[in-house]
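here's my sequence, what's the structure:
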Amino acid sequence: MKILIGIVGLFILFKVTWLYQKKPLEQSITDGEEIYQDFCIQCHLDVGEGVSGVFPPLAKSDYLVNNTEMSIRGLKFGMSGPIMVNGVEYNGVMQDQGLDDVEIADVMNYILNNWGNEFKGMITEEQVASINDE
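Numbers count the residues shown, from 1 in each chain. Model (predicted):
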């Protein structure tokens, strides 16, 4: 009987853990908005327009949609050097923001689904974890 209760307990723990890790896109976007307000708004401004020639726009950003992995890498490890966003070159530095993989996935989902960006899919914690500094 104790073994059966232990197995049921492990099953419930597994299911709860699995459900927690698989948060829906809408919840990820909501969580990502809070992270954006805390970490990103200072440079990219309240509606993601950035500052021309200094901080690239996140709104209607061709770079984000076409270079999702590089965007994740930039959040995770920081980035520097030239990038082209909506036909304008930016050559600045973005420091590592100290976000964990879940926070990066959430803020990416928020950015990729706002301000005219249309992204097919969802960035997951596992996808972020799989990206290494190159």
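
strands along this protein, start to end?
Secondary structure of the chain by DSSP state E: the strands cover 79-85, 88-94.

tell me the mean pLDDT for the last one?
Looking at strand 88-94 alone, the average pLDDT works out to 94.

and that strand, how far out from the chain's middle?
Relative to its chain's centre, strand 88-94 lies at 19 Å (C-alpha atoms, centre = their mean, to the nearest Å).

now the first one
Per C-alpha atoms, centre = their mean, the displacement of strand 79-85 from the mean C-alpha position of its chain is 18 Å.

gap between the two ends of stretch 77-88?
23 Å (C-alpha to C-alpha, to the nearest Å).

can you give me the helices in the chain?
2-21, 25-39, 41-44, 62-66, 68-77, 101-112, 125-129 (DSSP state H).

for F77, which residues are in contact?
By C-beta atoms under 8 Å, 6 or more residues apart in numbering, the contact set of F77 is 96, 133. To be clear about C-beta, it is placed using only N, CA and C from the backbone, and glycine gets the same treatment.

now it: how far from T30?
Distance of F77 to T30, computed by C-beta to C-beta, to the nearest Å: 26 Å.

ranking the helices of the chain by burial, who's on top?
Of all the helices of the chain, helix 101-112 carries the top mean neighbour count, a mean of 24, counting by mean count of other C-beta atoms under 10 Å.

what is it packed up against?
Judged by 3 or more C-beta pairs under 8 Å, 6 or more residues apart in numbering; DSSP states H and E, the packing partners of helix 101-112 are helix 25-39, helix 62-66, helix 68-77, helix 125-129.

would you confirm that P82 contacts V93?
No: P82 is beyond contact range of V93, at 11.4 Å (criterion: C-beta atoms under 8 Å).

with adjacent residues omitted, what lies nearest to the most centrally placed residue in the chain?
Among the residues of the chain, the one closest to the centroid is M108, at 2.6 Å (C-alpha atoms, centre = their mean). Excluding the flanking residues, the one nearest M108 by C-beta to C-beta, 6 or more residues apart in numbering is I123, at 4.3 Å.
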